[in-house]
Every structure is written in structure tokens, then in C-alpha cells.
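In: compute the structure for the input listed below.
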Amino acid sequence: MIKVAVCGAAGRMGQRIITSIIEADGVQFCGALERPGHAQIGQDAGLLAGCGPTGVHITDSINAVVSACDVLIDFTSPKVSLKNLEVCALHKKSIVIGSTGFTPEERELAAELAKDIPAVLAPNMSVGVNVCFKVLKDVAKILGDDFDVEIVELHHNKKKDSPSGTAVRMGEVVAEALGRDYNKVANYHREGICGERTKEEIGMQTVRGGDIVGEHTVYFIGMGERIEISHRAMTRDMFSRGSVRAAKWVVGKAPGLYDMQDVLGLK
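Out: Modelled structure (predicted):
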């Protein structure tokens, strides 16, 4: 039985992950972590998540939580996740990170910290989204430079980062397939007389509103035809179930930084 702890346990995503752990086979919910001073510290994490008492109470002690688990699932923020990755490395425990908004430098730091433990870092834990990554790579290679690429993403009005980590990863996948440097060709803003669209750029547009869980569409636009590849999330459960799948997969793997493509065998 794999012992799994959750960081950000009182949040919306954390509560769904706790429920998914309790519902899954082969895993045991063993720890719930929140930031110091959080109002829910001391409460039973299962009751808060709406799945009944678990006997696991929310704490702010990262060392206590990590020492008691086999793997930590973290959907918080890059800075918090990197700190937790460092603690997991010290305790030789695995970690699954679903936080978004990592800078290239933070990704490099994550890879460095993961040299001693197995870690999964993915902007989107959905099986469907990761299949889209694979499809986008193949489609981009086939279409080449004859089609313009534009990406539109929609999320709820509480989302803090923009564009979404999933949208950025989609852009990176397409850019890599086309032999481009995403950081140089991504275009996040068009306003006024901004000139004609360049052939190499990948447009990235963001929509925020209401309670949209997450929608992403990649447009391959040619002369007289258009291909649209879309993914729509109707519930956060797909992310939580994916994170539990990653947690079950990563324990016992060789040290290193993995993603959901590794977990799903899509590489």
C-alpha cells in the first residue's frame, strides 16, 4: 500500500485529490499539509473534503508529513512546490507536482533537486490533455510551416497565472516539433497597429471568467482550411485522478524528473 500525502489539502484541488486517493485502490491517504496560519489547520482533512472522517488532520509541518508518506502530491505554486521538492529530496521521498507557472529557471532547479529522488512535474495531469500533447506533436510535424498556429485557453476567474501551464506546454510541444524556440516565437499580446503576423510566431490568447474548469484549443490555420484540436475539462476530478495515477507510478522509479507522458507511456 502506497502512502500518499497532499499539500494544499484545504484548497479546492487538494480536496478533490484527497477524495480520489480515498476512492483509489493501492493507496492510503496519510497526510494533509497547509501553509502556517491557515484557518483549517487541525481539522480532519476527509471531513473538509466531504468524504467522511479519515483521522488525518491538516498540519503545517512539512517534515512530519513527508517523513510519514511515500509520495507527496503538490498542487500549490512554483515556489512552494520547489521548497517541498527539496524537503522530499532530503527525506528520499517521491513527489508529484501539478503546480503551474514555472519559469525556465525554476524548471531547471526542479530537475536539479530531482537528481536524488523520482519526481513527476506536469502542468496538467489529465490523461486526455496528455494524449493531446502527443497528437499536437504529430500534427505539427506533418503540417510543417505551411499553417499558422494559434492557441486559445479559457479558465475560471480565480486562476492566478496566465497563460495556463497547459497552454504553454501545448505551445512548447508545437514549437519543438517545428524546430522553433517557443520563448522566442510565443506572442502573448496584440493591440493597435502591431503589423502582420510573422510566419514563425505562435499566438497565445487568454480568457478568464466564471467557473470554467479549463478549455484549450490549438488552431492550425492554412489557406482555405483549418484544423482545431480542443480539450475541455468539465470537472477537476480528471486532474486529481491523474495525480493519483502518477503517485502510484512514480514510487520506486529511478531518480529524475518525469512528466505525465512518462506516466502514460506516451514517449
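
In: which residues touch F133?
Out: R169, M170, V173, Q261, L266 (Cβ atoms under 8 Å, 6 or more residues apart in numbering). Just so you know, the C-beta spots here come from the backbone N, C-alpha and C atoms, and that holds for glycine as well.

In: I figured the first one hits M125, correct?
Out: The one in question is R169. No. Between R169 and M125 there is no contact under Cβ atoms under 8 Å: 11.9 Å.

In: check which element follows the longest helix seen in the chain along the chain.
Out: Ranked by residue count under DSSP state H, the longest helix found in the chain is helix 127-143. Heading C-terminal from helix 127-143, the first helix or strand you meet, by DSSP states H and E, is strand 148-155.

In: and that following strand, what does it pack against?
Out: If contacts are counted by 3 or more Cβ pairs under 8 Å, 6 or more residues apart in numbering; DSSP states H and E, strand 148-155 sits against helix 165-178, strand 202-208, strand 214-221.

In: pull the residues that contact that strand.
Out: Applying Cβ under 8 Å, 6+ apart, the contact partners of strand 148-155 are 140, 163-164, 166-167, 170-171, 174, 178, 197, 199, 202-209, 212-222.

In: ok, of these, which come out buried?
Out: Among these, the ones that count as buried by 16 or more other Cβ atoms under 10 Å are 140, 163-164, 166-167, 170-171, 174, 178, 202-206, 212, 214-220.

In: more neighbours: which of R169 and M125?
Out: More neighbours surround M125 than the other of R169 and M125, with 28 against 23 (other Cβ atoms under 10 Å).

In: hang on, that one packs against G242?
Out: Yes. With contact defined as Cβ under 8 Å, M125 and G242 form a contacting pair (3.1 Å).

In: can you list residues touching both of these two?
Out: Shared contacts of M125 and G242 (Cβ under 8 Å, 6+ apart): M260.

In: would you map the helices across this structure?
Out: Going by DSSP H, the chain shows helices at 12-23, 45-49, 62-68, 78-91, 104-113, 127-143, 165-178, 182-185, 237-250, 260-263.

In: in the fifth one, which residues are buried?
Out: Read that as helix 104-113. Applying a neighbour-count criterion of 16+ other Cβ under 10 Å, one finds E106, L109, A110, L113 buried in helix 104-113.

In: need these in CSV with pLDDT and distance to R236, can you?
Out: Output for these, formatted as CSV (pLDDT from 0 to 100; distance: Cβ to Cβ, whole Å):
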residue, pLDDT, distance to R236
E106, 96, 24
L109, 97, 27
A110, 97, 23
L113, 96, 27
